[in-house]
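S.K.: Build me a model from this:
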Amino acid sequence: MQVDVSGGVTNYVRRILSFDIDKLPGQPADSKFAMWEMTIVGYAFLWHQVRCMTAVLFMVGRGEEQPSVVAELLNVQQRPAKPQYALASELPLVLYDCAFDDLRWTHEAFNQEKIIESFYEAWKESAIRAAILQGWMDGVNKALVSKDGSGRPESLVPWSTLAASSSVSRSRHIPLLERASGELPEALHARAAQ
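M.R.: Residues are numbered from 1 along each chain as shown. From the prediction side, this is the model:
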């Protein structure tokens, strides 16, 4: 998590009230294309906090980290600084609700209609793009490739058959607890004050 030294934050303890992960309705079972939703409720969040939490959970989900790494990373007495790793994408991150004491939102029908129209147009464009990409991926998965590199007709199999056992590898994962850590917030604040 990046430390926002310009915002005057000196307390980095946050309380998460709930954290749920649910498959969105209507999603295909056991598909890499299934969409899931993380709903996180808290009083306040640190800069990039949700992206950091999500990145660690993705590592656990891919089998790169054990679930116990979450508790170890939350033990700030033993690990006062965050290990270095890439943040999860901000693309699906949506702040969709805020609650305030003694405040009730009201909505005008005309504005609601315009909002719905805008959402529908955005959804339609995204659905068309998703369908096109799905068609392209289906085509690539059906494409015949040579399983031994010879190009002989008897060596040709659909890519999807080969992809299941493919040795296409990602870069080697370095366990989070073995990675270098960032600087402590106190050090960053001290340097910013100079």
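
S.K.: For the rest of this, base every contact and every neighbour count on C-alpha atoms.
M.R.: Fine.

S.K.: Read off the pLDDT value for the residue most central in space within the chain.
M.R.: Centroid-nearest residue in the chain, with CA atoms, centre = their mean: A88, separated by 4.2 Å. pLDDT, A88: 94.

S.K.: Over to it: give its phi and psi.
M.R.: phi -70, psi 150 (degrees, to the nearest 10).

S.K.: Would you mind listing the buried residues in the longest helix along the chain?
M.R.: Longest helix in the chain by number of residues, with DSSP state H as the criterion: helix 109-142. Using 16 or more other CA atoms under 10 Å as the test for burial, helix 109-142 gives N141.

S.K.: average pLDDT across it?
M.R.: pLDDT averaged over helix 109-142 gives 93.

S.K.: Measure how far it is from the centre of its chain, please.
M.R.: 21 Å (CA atoms, centre = their mean, to the nearest Å).

S.K.: For that helix, name the packing helices and strands.
M.R.: helix 159-163 (3 or more CA pairs under 8 Å, 6 or more residues apart in numbering; DSSP states H and E).

S.K.: Show me what secondary structure element comes after the lowest-mean-pLDDT helix or strand in the chain.
M.R.: Lowest mean confidence among the helices and strands of the chain (mean pLDDT, DSSP states H and E): helix 159-163, at a mean of 72. Under the assignment DSSP states H and E, the closest C-terminal helix or strand after helix 159-163 is helix 185-193.

S.K.: one step back: tell me the strands beside whatever helix or strand comes next after the longest helix of the chain, with direction?
M.R.: Scanning forward in sequence from helix 109-142 by DSSP H and E, the next helix or strand is strand 144-146. Using DSSP bridges, the strands paired with strand 144-146 are strand 156-158 (antiparallel).

S.K.: Could you list the buried residues of the strand it pairs with?
M.R.: Buried residues in strand 156-158 (16+ other CA under 10 Å): L156, P158.

S.K.: Check stretch 177-188 too.
M.R.: G182, P185.

S.K.: mind checking the end-to-end distance for it?
M.R.: Stretch 177-188 has an end-to-end distance of 22 Å (CA to CA, to the nearest Å).

S.K.: what does stretch 72-79 give?
M.R.: Per CA to CA, the first residue of stretch 72-79 is 8 Å away from its last.

S.K.: Now do that stretch: everything it contacts.
M.R.: With CA atoms under 8 Å, 6 or more residues apart in numbering as the test, stretch 72-79 has contacts from K82.

S.K.: one more time with 10 Å
M.R.: Stretch 72-79 is contacted from outside by V13, V56, V69, P80, A81, K82, P83, L176, L177, S181, using CA atoms under 10 Å, 6 or more residues apart in numbering.
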